[in-house]
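Trainee: Return atomic coordinates for the entry below.
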Amino acid sequence: MQALAPDEKDSNNDLHISRVIERPKVVYNESTKQYVMWMHIDKEDYSYARAGIAVSDKPEGPYHYLHSIRPDGQMSRDMTLFKDDDGKAYLVYTSENNNTMHIALLSKDYLSTTGVYKQILIGQRREAPAVFKYNKQYYLVTSLCSGWDPNAATYATADSMLGDWQQKGNPCVGPDAETTFHSQSTFVLPLHDSAFIFMADRWNKTDLENSTYLWLPLQVNNGDIHISSPILKKMETHPLTIVDYNIHIKPSSEKAKAFSFLRFYNLHDSLLLEYTIPFQLTDSGTNTGNYTEAPPFTHYLTVGLETGAALPIPQAENCLVQLLKDPEQTTPTPQCSISQYLQPFWRSDTIYNETVLLLAPTPPAYPTSSASPANLADPAAATGRLLYQPDKILSVRSFSLDTTYQKNIDYTQKDNTLIRTPGSHIPYRTAASFDTKNDLAWYNLQSQWVTVTYTHHDRWTGPIPSCKGQQLPRLHQKLTAGQPVTIVAYGMSITRGMDVSGYDNVPPYMPSYMDLCIAGLKKYYPHENFKLYNAALPGATVSWGAQYADQYINPLHPDLVVLDFGMNDFWRMPPEEFRDSIISIMHTVKTKNPATEFLLLANMQFDPDYVLDTDKNKTFYKNNLIGYQRVLKNLEGEGVISLDMTTLSGAIYQRKKAKDCIVNPLHPNDYLARWYAQGLLALLCP
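Mentor: As a prediction, the model looks like this:
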């Protein structure tokens, strides 16, 4: 319910929606049996500087507004109320153009001041007062006047509310004490005995309505205040860097609920995004952590622990924070030709560095030196198929491209099949080297393929991506006019480029399919005004994407968003739910960036051997992936197009085995990633 209703008609009314209303505080008057609210009332330019008063029979309201005053004829801005043990109440407020603080004794009904007041902290420009009493001593926590930017708190003490107040320094200790942990004092809540909660506002100066709060235990020891930092680590980091933290919590007798947090801030100390992970304190200790990425415009992060109650902050045994895949780190120069790698496989008569995994049915039964190429049980008979039948093989090289293999010495060719010869140095795998007995058995084929460059005159009979640029009219206009174009890739590990050689830092260091796409756009549209932000998070689900689209996409104001989810969703999410999450992402983006257009990516099929036929969910998994392609296709229209890598990868697997094209059951290798890039370019370039 509304505690105090605004006025929408009378611009001269103190409660008009154009006015500033801040720092409301309520005390109960036993004599009048009324709850009395005081608040700061002002105009947008803060020239009004008055204190408003309202009353109610219930603490939650509704409150009846009485009027506003300048207490004892003085300007009044930031304020608080304090009710002493003897029933007397005091108004504590910033005055004299924020230069000096006043403490005024209120009338017995708490509805006015009495003319009895004291100037304190003269000329110190303090605001955000928070008062409490402990062991007959009065404490006052304040903030420096610095707009919406946080600063170091100080506290003062006195023997009486109208006595002499002595500044004592900053009560905060630990990392970020100099910014009051990126907050500003608002109240100190007494609980019991010596237990207090320090309550503070964490301002979002660019979006004040979405400001948050900070509550921390406050302790008084020998007359000194201590507000401990919940922060364990503070680190500078770049936007879109992957962050992984793990904290081991010491044993605790409290058995209370707590949480770890990861907070990202910009250069101006404004909170951009916070993740919290709940956990339970135990007498044997526990672990907590998270894995995510820094949002756009991140300058630094903090990791720490809180309880959300008046309990000591949990004690950490250790805290490990890893910054992974910083987009601003220098990466090795690709040792492959990007221009060659972008020539469409379905159109080019020369295929460059197609990957083939040579596979033998079983391990050798006798020494390699006596092996016969004709015997398929021999490693010399390890074979692999090419996409097309070569007219001429130009080269067979290691995946790293630094070793060249010789025909009739290391391999022979029959039709579109490459055959390993006896004693060859070409790497190979045996069928027995893969676990075919256990469901979802993982493997890693990184760099175990050979690469084959050849000419051919075969025709690709699978699906061919075609241009849909006219369905993205705003992007098309910018591309053809040579205007700056911003593209955001938002998805999961494949989107980020995980397990292509550049990501894994192995030769030939090919970049992600999104980087290849940008290179192709720059070649087709000859200007350099392209900016790619790869906001993909390995392991991300489409639900995560929908939850955080506002934080990761909207600040970048993209012209095009590539949405690439699914490989972490097909295990559990039916197509209709997947579609709804994609729609949610697009709606979130369009709300703040109405000109943004979208490219929806239906992902590759997983290795057919990964899920055993005995797995009762295999059909469910496969149907989900196929269903994702269907629902994404149905979302096409003006401003939305899709790329079907599901059908395309299936067609490739029919001509080659899946393991020729993938690093592990769920990630493409350089070769299949090139299909992604070539497909995107086919959609965007006429």
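Trainee: Contacts only, for Asp458.
Mentor: Contact analysis of Asp458 by C-beta atoms under 8 Å, 6 or more residues apart in numbering lists 388-389. Where C-beta positions appear, they are placed from N, C-alpha and C, glycine not excepted.
Trainee: SS state for it?
Mentor: For Asp458, the assignment made with DSSP: H, G, I helix; E, B strand; the rest coil gives coil.
Trainee: Could you measure from it over to Asp349?
Mentor: 9 Å (C-beta to C-beta, to the nearest Å).
Trainee: Tell me where the model's unsure across the stretch 251-400 of the chain.
Mentor: By pLDDT under 70, the weakly predicted segments of the stretch 251-400 of the chain are 308-312, 363-380.
Trainee: now the strands: where do they sit in it?
Mentor: For the stretch 251-400 of the chain, applying DSSP state E, counting those that start in this stretch gives strands covering 257-265, 271-280, 286-293, 300-306, 316-324, 350-356, 359-360, 383-385, 392-398.
Trainee: Check the offset of the fourth one from the chain's centre.
Mentor: In terms of C-alpha atoms, centre = their mean, to the nearest Å, the gap separating the centre of strand 300-306 from the centre of its chain is 15 Å.
Trainee: and for that strand, what are the contacting residues?
Mentor: 175-176, 216, 229-237, 243, 245, 247, 249, 258-265, 288, 294, 313-314, 316, 319, 321.
Trainee: are any of those buried, and which?
Mentor: With neighbours counted by 16 or more other C-beta atoms under 10 Å, the contacts of strand 300-306 contain buried members at 175-176, 216, 229-234, 237, 243, 245, 247, 249, 258-265, 288, 294, 313-314, 316, 319, 321.
Trainee: and Tyr621, how many neighbours?
Mentor: 16 (other C-beta atoms under 10 Å).
Trainee: pretty sure it belongs to a helix, no?
Mentor: Yes - assessed by three-state DSSP, Tyr621 belongs to a helix.
Trainee: ok now do the nearest residue to it once chain neighbours are set aside, which residues does it touch?
Mentor: In this structure, Tyr621 finds its nearest non-sequential neighbour in Phe570, 5.2 Å apart by C-beta to C-beta, 6 or more residues apart in numbering. Taking C-beta under 8 Å, 6+ apart, we find Phe570 in contact with 621, 624-625, 628.
Trainee: Show only the entries of those residues found in strands.
Mentor: Counting by DSSP state E, no part of these is found in strands.
Trainee: ok, so of these, who is nearest Gln547?
Mentor: Nearest to Gln547 among these is Tyr628, at 18.8 Å by C-beta to C-beta.
Trainee: Tell me the secondary structure of the residue nearest to Tyr621, please.
Mentor: Applying three-state DSSP: Phe570 is coil.
Trainee: For it, give its distance to Thr646.
Mentor: Taking C-beta to C-beta, one finds Phe570 at 10 Å from Thr646.
Trainee: Common neighbours of those two, please.
Mentor: Counting by C-beta under 8 Å, 6+ apart, the residues touching both Phe570 and Thr646 are 625, 628.
Trainee: List the beta-bridge partners for the spatially most central residue of the chain.
Mentor: Geometric centre of the chain, nearest residue: Glu293, 4.5 Å, by C-alpha atoms, centre = their mean. Beta-bridge pairing for Glu293 (DSSP bridges): Ile242.
Trainee: which residues does it contact?
Mentor: Glu293 neighbours (C-beta under 8 Å, 6+ apart): 240-243, 535, 537, 552.
Trainee: redo that, cut-off 10 Å
Mentor: Glu293 is in contact with 237, 239-244, 264, 273, 324-325, 327, 496, 534-538, 540, 548, 552, counting by C-beta atoms under 10 Å, 6 or more residues apart in numbering.
Trainee: Whichever of those residues end up buried, select them in PyMOL.
Mentor: Here is the PyMOL command that selects the buried residues among those (16+ other C-beta under 10 Å):
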select buried, resi 237+239+240+241+242+243+264+273+325+327+496+534+535+536+537+538+540+548+552
